[in-house]
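S.K.: Build me a model from this:
(2 chains)
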Amino acid sequence: MSNNAAIEVQELTKKYGELVAVNSISFTVNRGEIFAFLGPNGAGKTTTVEILECLRKPTSGQAYVLGFDIEKKQNEIKKRTGVLPQDFYTYERLTVRETIQYYAGMFDASPDVDELIRLVDLEDKKNALFRNLSGGLKQRLGIAVALVNDPEMIFLDEPSSGLDPKARHSVWHLIEGLHKKGKTVFLTTHYMEEAEALADRVGIIHNGRIVALDSPENLISEHGTRNLLILKKTSPKAVPNIERLGVEAKYDEATGNVAVHLNHTVGVSDVLHELSSADIPFGELQLKRSSLEDVFLNLTGVTLGEEEGEI
Amino acid sequence: MSHVLIDLRASLKSFWRDKSTIFWTLAFPCVLILLFGAIFSQSSIKYDLHIQNQDLTDGKVTYWSDSLINIINSTNAFNIRFVNASVNGTDYALANRLSSLLIIPSGFNTSANMALYTSGLETANVTFVYDQSTSSAPVVQSIVMSVVENLNFELSKGVEYMRVKGLAIAPKRFGFIDFFVPGVIGMTAMTTSIFTSVSTSSRFKQNGIFHKLATTPLKRYEWILSRTVYNILISYLGMAVMIVMGIAIFGMKITLDPVSLLMVAMASLLFTGLGMIIARFVKDPDGADAAANVVTFPMMFLSGTFFQLSQMPPFLQTIAQVLPLTYVSEGLRAAMIFGQTQQAIFNTALITVLGIASIIVGSLITRWEED
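M.R.: Here you go, the predicted model:
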């Protein structure tokens, strides 16, 4: 594998009886990047990440983490990686500080515990028992625990799942901080905003297969729906004029709005110029940007929320 | 080894901070001992007292023997049952498992008259045959003796005209509390180890703590070792509290030898392994608790913790013979109370073999990683 690769996966497959959870996937994660696996529950994200964490054995294929074979060099991988499992949980009656010290002991590491507590912004809660922490604080502690051995690579499995928006943004902020420290981050998520906000590259996984892999910008540009322009309170006469430009337009009788699907050649200014030339009035303008949600829908035919069932 | 100590310290801290666990592990067995001790020391209830009056003249009871029986009866402490004068009293008591039998010998009336005549140079004796392994015998004996002392005082202002001679028919002298405390120590080692092991394994599995631990360099055997040492320490703690209480409140005479300490450790090992085996086959913590109850409750009641095995119906005694807690309780009694070293060593060796087998099987089938 190349020296620059933090993870290299070749034709990895995991079957549970007849069910193929991960179907011959191959990808590479570069050192220092945030790589996101985006997909609905049951797509195979957690199975893949748990194989890379040496928690599950693959049915076939190879995978290397930091240059070490996941089936032969598990101890080397464990020593050099940090893991935030889905819904991090630990001894209920240990405090925040004791929990960090406990896991540091397991790695025979001596991190600056106060620094880690500061990093995840838990100074006020350092003597609170784990059982008394909220979901968001537990996840933040989980991230601190994942850093006790100063890992080269960090696995974050659904790091903000179940958190409220404020707690979620706090976790995102932390992950960005890790990126700035030069850590390689592999995260799985079913939140497209999370992948879009954090990831350098996103692998879209569906039914155990990677259906697309690129930077969020490139994925949107290549597979996203074209940006949508809404012209409010205008006339149905606008539709034929706009369509003359070579883009789709649709009039909604209920609202009196016209929706225009822009493309690479026809932009907002082209549409507005056409309307003013034809002297067709309109109210407000609204521009809806295409997102990874649209990319996922276009590639799989379903939305991220439609599929359930964790594997 | 440092990983074991780190995990052990975390477990002990968690124990100390969990008040309900402390109650069930330490306070509950003490409450049991106090409760049972109090019940079997109560004097307001009536006890069975068998009396054999051999002192008959022409088939009629003599004056002094009849008087003694009437005075004993007037205490209202006994349900008196008479034993035929023609049988051998001691043999009868053994054959019928009587806890106490008062024998008034032939010639008692004459001896009592002689005592009065000689102002106590002669005494009239009765024999109290008792099985001191039963909880009631010491109480019955003390009441009978106080009745006779009162009678002496009435007759002579203190000179001993009548005397009760004790005859123990139990092979060893011990009371109910002596029997009970080692049983509760064994029971606590079992419940602590099984419940801790089952609930920890199932909670760690469900909450994903095993997953997290599996991503650290902590080895599975290190974790299992830590859990086993933890259970042994908690069982020792329970043992210490119960022994101190038994001595302080009930004046027990206990021998604390290496065999009994080893037995408690091996019992913890055995039941930790058994707990891990149970945990492997249950899906969630609720099911785990139910499964642990299914295993511990029958053992608690059928292994001679609360009642002597000999008092149970024969088919239950047969079941008790295959329950490991039976050998733990009997072994602890043999070591701590009776001084029967050979039986204690045999039972401890048996539990050690079973303990090693159970912890090996438990370790092999406990999974952190998924398939």
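
S.K.: For the chain, give me the ranges with low pLDDT.
M.R.: In the absence of a named chain, chain A is used. Applying pLDDT under 70 to chain A flags the ranges A:1-3, A:225-226, A:304-311.

S.K.: oops, I was thinking of chain B
M.R.: For chain B (pLDDT under 70), the answer is B:1, B:38-45, B:135, B:158, B:167-175, B:369-371.

S.K.: Close to chain A: what parts of it are there?
M.R.: Residues of chain B found near chain A (CB under 8 Å from any CB of the partner chain) are B:2-3, B:6-7, B:10-11, B:13-14, B:17-18, B:207-209, B:211-218, B:368-371. Yep, even glycine has a C-beta here, placed from its N, CA and C like the rest.

S.K.: So among the residues you listed, which ones count as buried?
M.R.: Neighbour-count burial (16 or more other CB atoms under 10 Å in any protein chain shown) applied to those gives B:3, B:6-7, B:10-11, B:13-14, B:17, B:207-209, B:211-218, B:368-369.

S.K.: What's the separation between B:Met239 and B:Ala335?
M.R.: Per CB to CB, to the nearest Å, B:Met239 is found 12 Å from B:Ala335.

S.K.: In chain A, which helix is the longest?
M.R.: The helix that spans the most residues within chain A, counting by DSSP state H, is helix A:165-180.

S.K.: So which elements touch it?
M.R.: helix A:135-146, strand A:184-189, helix A:192-198 (3 or more CB pairs under 8 Å, 6 or more residues apart in numbering or on different chains; DSSP states H and E).

S.K.: Could you chop the chain up by domain?
M.R.: Because you didn't say which chain, this covers chain A. Here the domain assignment for chain A is A:5-221, A:226-289, based on automatic domain parsing.

S.K.: You answered for a different chain; I wanted chain B.
M.R.: What the record gives for chain B is the domain set B:2-39+B:175-365, B:47-168, from automatic domain parsing.

S.K.: now, of those, which is deepest in the fold?
M.R.: domain B:2-39+B:175-365 (a mean of 19; mean count of other CB atoms under 10 Å in any protein chain shown).

S.K.: From the opening residue of that one to its closing one, how far?
M.R.: With CA to CA, to the nearest Å as the measure, domain B:2-39+B:175-365 spans 24 Å from end to end.

S.K.: give the contact list for B:Gln317.
M.R.: Neighbouring residues of B:Gln317 by CB atoms under 8 Å, 6 or more residues apart in numbering or on different chains: B:309-310.

S.K.: do A:Leu245 as well
M.R.: Here A:Leu245 is in contact with A:266, A:270-271, A:274 (CB under 8 Å, 6+ apart).

S.K.: Among those residues, name the ones in helices.
M.R.: Residues of the contacts of A:Leu245 located in helices (DSSP H): A:270-271, A:274.

S.K.: Most neighbours of all those residues, which one?
M.R.: A:Val271 (23 neighbours; other CB atoms under 10 Å in any protein chain shown).

S.K.: which residues touch that residue?
M.R.: A:Val271 makes contact with A:229, A:231, A:242, A:245, A:247, A:260, A:262, according to CB under 8 Å, 6+ apart.

S.K.: Put the buried members of the residues you listed into a PyMOL selection.
M.R.: To isolate the buried ones among these in PyMOL, judged by 16+ other CB under 10 Å, type:
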select buried, chain A and resi 229+231+242+245+247+260+262
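
S.K.: Can you pick out the most distant pair from the contacts of A:Val271?
M.R.: The largest separation in those, counting by CB to CB, is between A:Leu231 and A:Leu245 at 13.3 Å.

S.K.: Please enumerate the strands of chain A.
M.R.: Along chain A, the stretches classed as strands by DSSP state E are A:5-16, A:19-30, A:34-38, A:60-65, A:68-69, A:81-84, A:153-157, A:184-189, A:201-206, A:209-214, A:228-231, A:248-252, A:257-261, A:285-288.

S.K.: ok, and does the shortest one reach over to chain B?
M.R.: Just to be clear, that refers to strand A:68-69. No. Judged by CB under 8 Å from any CB, strand A:68-69 makes no contact with chain B; its nearest approach is 13.9 Å.

S.K.: Parallel or antiparallel, which strands does that strand pair with?
M.R.: Strand A:68-69 sits in its sheet next to strand A:60-65 (antiparallel), going by DSSP bridges.

S.K.: Identify each buried residue in the partner strand, please.
M.R.: For strand A:60-65, burial by neighbour count (16+ other CB under 10 Å) applies to A:61, A:63-65.

S.K.: Among the residues you listed, which one sits closest to chain B?
M.R.: Sorting the buried residues of strand A:60-65 by distance to chain B puts A:Val65 at the head of the list, at 11.7 Å, by CB to the nearest CB.

S.K.: What residues does the spatially closest residue to A:Leu137 that is not a sequence neighbour make contact with?
M.R.: Leaving aside its sequence neighbours, A:Leu137 sits nearest to A:Lys125 (CB to CB, 6 or more residues apart in numbering or on different chains; 6.1 Å). By CB under 8 Å, 6+ apart, the contact list for A:Lys125 reads A:96, A:133, A:137.

S.K.: Hmm, the last one is touching A:Leu122, no?
M.R.: Okay, so that is A:Leu137. Yes. A:Leu137 lies in contact with A:Leu122 (CB atoms under 8 Å); the separation is 6.5 Å.

S.K.: Distance of the nearest residue to A:Tyr89 once chain neighbours are set aside relative to B:Pro285?
M.R.: Excluding its sequence neighbours, the residue lying closest to A:Tyr89 (CB to CB, 6+ apart) is B:Asn207, at 3.9 Å. Going from B:Asn207 to B:Pro285 by CB to CB gives 9 Å.

S.K.: again with A:Thr59
M.R.: Look at A:Thr59 and B:Pro285: by CB to CB, they are 31 Å apart.

S.K.: can you pull the contacts of B:Glu122?
M.R.: Applying CB under 8 Å, 6+ apart, we find B:Glu122 in contact with B:111, B:114-115.

S.K.: Which ones among those lie within helices?
M.R.: Per DSSP H, helices hold the following members of the contacts of B:Glu122: B:111, B:114-115.

S.K.: give the contact list for B:Leu34.
M.R.: Residues near B:Leu34 by CB under 8 Å, 6+ apart: B:245, B:249.

S.K.: and chain A, which residues reach chain B?
M.R.: Counting by CB under 8 Å from any CB, the residues of chain A near chain B are A:50, A:53-57, A:75, A:78-79, A:81, A:83, A:85-94, A:98, A:102-103, A:105-108, A:129, A:145.
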